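Engineer: Any chance you can model this:
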Amino acid sequence: MPFRSQFIIIEDNLIDQFVTKKLLKKGLDINPLYIANNGKEGIDWLIKNHNNQSLIILLDIQMPIMNGFEFLDEFARLEEDIKAKIEIFVLSSTLDSDEIKRVKENKYVSDFWNKPFRLDLLKSIFL
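Structural biologist: So this is what the prediction gives:
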């Protein structure tokens with residue numbers, strides 16, 4: 001049975017996009033699955049595709065053009081009706097304790113996961 005929420009991966013690394021996409025499709029039967037290559041594309045996608053359906057965002061931190069922190073700053077400025085049904089999970093390979101702390105303290109972030117994340121983690125949270 002397909003998962004009911006929409007998913008968007010905001011990630012610049014093509015290999016990480018591919019792996020995450022495969023895990024989501026295999027483990028949760030996610031389809032369609034949207035991809036933005038940086039935070040700006042992610043914000044633009046949110047504004048253009050706002051439809052009151054629940055949305056899960058898988059967000060990288062380190063990206064060109066607009067990084068994950070800049071995305072979160074822009075996300076905070078969006079209208080409440082856009083943000084209402086969105087849950088953000090940050091996926092990163094960072095070991096920087098300041099970055100991890102900053103992510104975990106952001107009120108819009110549900111959780112921080114290290115890359116690569118495991119399929120059993122996805123299933124435990126979303127199923």
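
Engineer: which parts of stretch 95-114 are buried?
Structural biologist: For stretch 95-114, burial by neighbour count (16 or more other Cβ atoms under 10 Å) applies to Glu99, Ile100, Arg102, Val103, Asn106, Tyr108, Val109, Phe112. Where you see a C-beta, it was placed from the backbone N, CA and C, and this is true even at glycine.

Engineer: Off-centre distance for that stretch?
Structural biologist: 13 Å (Cα atoms, centre = their mean, to the nearest Å).

Engineer: how far does that stretch stretch from start to finish?
Structural biologist: Using Cα to Cα, to the nearest Å, one end of stretch 95-114 lies 9 Å from the other.

Engineer: got the contact list for it?
Structural biologist: For stretch 95-114, the external contacting residues (Cβ atoms under 8 Å, 6 or more residues apart in numbering) are 61, 68-69, 72, 75-76, 83, 86-94, 121, 125.

Engineer: Go through the residues you listed and flag which are in strands.
Structural biologist: Ile86, Glu87, Ile88, Phe89, Val90, Leu91, Ser92 (DSSP state E).

Engineer: beta partners for the nearest residue to the first one once chain neighbours are set aside?
Structural biologist: Closest residue to Ile86 in three dimensions, ignoring its sequence neighbours and counting by Cβ to Cβ, 6 or more residues apart in numbering: Leu55, at 4.8 Å. Each beta-bridge partner of Leu55 is listed here: Gln6, Ile86, as defined by DSSP bridges.

Engineer: Next up, the contacts around Leu55.
Structural biologist: Ser5, Gln6, Phe7, Ile8, Leu46, Lys85, Ile86, Glu87.

Engineer: now do Ser92
Structural biologist: Taking Cβ under 8 Å, 6+ apart, we find Ser92 in contact with Asp60, Ile61, Gln62, Gly68, Glu99, Ile100, Val103, Phe112, Trp113, Asn114, Lys115.
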